[in-house]
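Chemist: Below is the sequence, then the predicted model.
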Amino acid sequence: MNELIRAAIRQPGSLNWWVAPTFSITRKGWRELFAFLPEEIIANVSRTEVMVELVNGSSIWFKSADNPDSLLSEGLDFVVVDEAARVSEEAWGRALRPALSDKLGRAAFTATPAGKNWLYRLWLRGQDALDTEVESWRFATTDNPYIPRGEIAAARKGMVERYFRQEYLAAFEDDVGAVFPQARRQATGAFEEPGAQEVVIGVDWGKHQDASVFVVLDVARNTVVALDRQLQVDYTLQMGRLGALVERWRPRMMVAEMNSAGDPLVEQLRRDLPCPVEGFLTTAASKRQLIDALALAIERGDITYPDVPELVGELEAFRYELTAAGNVRYAAPSERYHDDCVMALALAWHAAAHTRPPVVRWLGE
């Protein structure tokens, strides 16, 4: 923000932009502007156009990059691209970069890394001593003297390692990679009998292309004690097999996928089974939360499961991919692979997290 204001003051009549991935992030920059801009040099403020004119004829505009066509412009003198890793390469290459050529303008980028995308390639240019057009720096949260080391350590304990490296160490992680690199380590061999009848069940439905998988998780020891995987089995038979699992294990809770065909099946489970049944609607956001929780549990060694080839194979094959917008997409690597066991295990872990009793202490203890 300081660089943006300095550019507008030093060059009278200049056109300066602050660009962010969305308007909500742009508004944050808009609010920060008035914390630093001296009132005496402001000539006009347009909240409708999100623009400020200065007494020297310069202007500062705030733009969203969600529609690259809206960034096509006359020549720019200076542009700040905020959260640049989540701005599309099209917005930079087709709209902003050409607009700087008319006036030989400058650009500054600030970002948390989001994979090895176009910003990473630009950052590499800044590390090349022979490239005189770009300069780049990288600072980790650990370099910040105002954040206690204890807070950083606490964050690391509660985050998947690749997210910690990205958010706190400013590391450019690979765009595609394994979600569960420690999957084999947590496979303990054969099924174990539970120490107590404190179990939950995770249910991922399938019928034709995908399998239906039921995972029974011992909450007391965080270990999988049963797994039922079925392919091309009629839903009526699936419901019977699930009912047999409930009768055998008497779970505290069941969490079942409720997308598409799962919705009426969840309603039937609630009518027919004697245990609480929670439906889980899988969206891009909810799937990320579900998978991240399981990934953290496996990284920390909080969960174990038998060495079932289908389960361990799916965990090892499961991948994440960063989209152009910097969002995470989780999936099996191709149509030849499945993620039904992964999802059922994640749903069981989700159920366990919601059913563990709180620690109760009597007065005087």
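Modeler: Sure thing, it's come through.

Chemist: Let me see the ranges of the helices in the stretch 151-300 of the chain.
Modeler: Here the stretch 151-300 of the chain has its helices, by DSSP state H, counting those that start in this stretch, at 161-169, 235-249, 262-272, 284-299.

Chemist: Which one of those helices lies nearest to Gly29?
Modeler: helix 161-169 (20.0 Å; CB to CB). (Each C-beta comes from the backbone N, C-alpha and C, glycine too.)

Chemist: now the helices of the stretch 151-300 of the chain as JSON lines including mean neighbour count?
Modeler: Below are the helices of the stretch 151-300 of the chain laid out as JSON lines (neighbours: other CB atoms under 10 Å):
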{"stretch": "helix 161-169", "mean neighbour count": "17"}
{"stretch": "helix 235-249", "mean neighbour count": "15"}
{"stretch": "helix 262-272", "mean neighbour count": "16"}
{"stretch": "helix 284-299", "mean neighbour count": "18"}
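
Chemist: could you dump these to CSV with distance to Tyr146 and mean pLDDT?
Modeler: As requested, the helices of the stretch 151-300 of the chain are exported to CSV (distance: least, CB to CB, whole Å; pLDDT from 0 to 100):
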stretch, distance to Tyr146, mean pLDDT
helix 161-169, 14, 87
helix 235-249, 51, 91
helix 262-272, 47, 87
helix 284-299, 27, 91
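
Chemist: could the ones you listed go into a markdown table alongside distance to Ser73?
Modeler: Shown next, in a markdown table, are those (distance: least, CB to CB, whole Å):
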| stretch | distance to Ser73 |
| --- | --- |
| helix 161-169 | 31 |
| helix 235-249 | 56 |
| helix 262-272 | 47 |
| helix 284-299 | 32 |
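
Chemist: The residue most central in space within the chain and Phe318, how far apart?
Modeler: Centroid-nearest residue in the chain: Val328, 5.0 Å away (criterion: CA atoms, centre = their mean). Taking CB to CB, to the nearest Å as the measure, Val328 falls 12 Å from Phe318.

Chemist: Also Leu15?
Modeler: In terms of CB to CB, Leu15 sits 47 Å off from Phe318.

Chemist: More neighbours: the two, which one.
Modeler: The residue with more neighbours, out of Leu15 and Phe318, is Phe318; 25 against 21, by other CB atoms under 10 Å.

Chemist: Could you find the closest non-adjacent residue to the more buried one?
Modeler: Distances taken as CB to CB, 6 or more residues apart in numbering place Val179 nearest to Phe318, at 4.8 Å, with adjacent residues excluded.

Chemist: Kindly report the same for Lys63.
Modeler: Going by CB to CB, 6+ apart, Lys63 has Val19 as its nearest residue, at 4.8 Å.

Chemist: So that neighbour: helix, strand or coil?
Modeler: strand (DSSP: H, G, I helix; E, B strand; the rest coil).

Chemist: Ser73 now?
Modeler: coil.

Chemist: Any idea how many residues pack against it?
Modeler: 17.

Chemist: Tell me who's in contact with it.
Modeler: By CB atoms under 8 Å, 6 or more residues apart in numbering, Ser73 lies in contact with Leu15, Trp17, Ala95, Ala99.

Chemist: Any idea which of the residues you listed the model trusts least?
Modeler: For the contacts of Ser73, the weakest pLDDT value sits at Ala95, with 90.

Chemist: Could you tell me how far that one is located from Asn16?
Modeler: Distance from Ala95 to Asn16, by CB to CB: 16 Å.

Chemist: Compare these two (neighbour count), which wins?
Modeler: Neighbours were counted for Ala95 and for Asn16 using other CB under 10 Å; Asn16 has more, 24 against 21.
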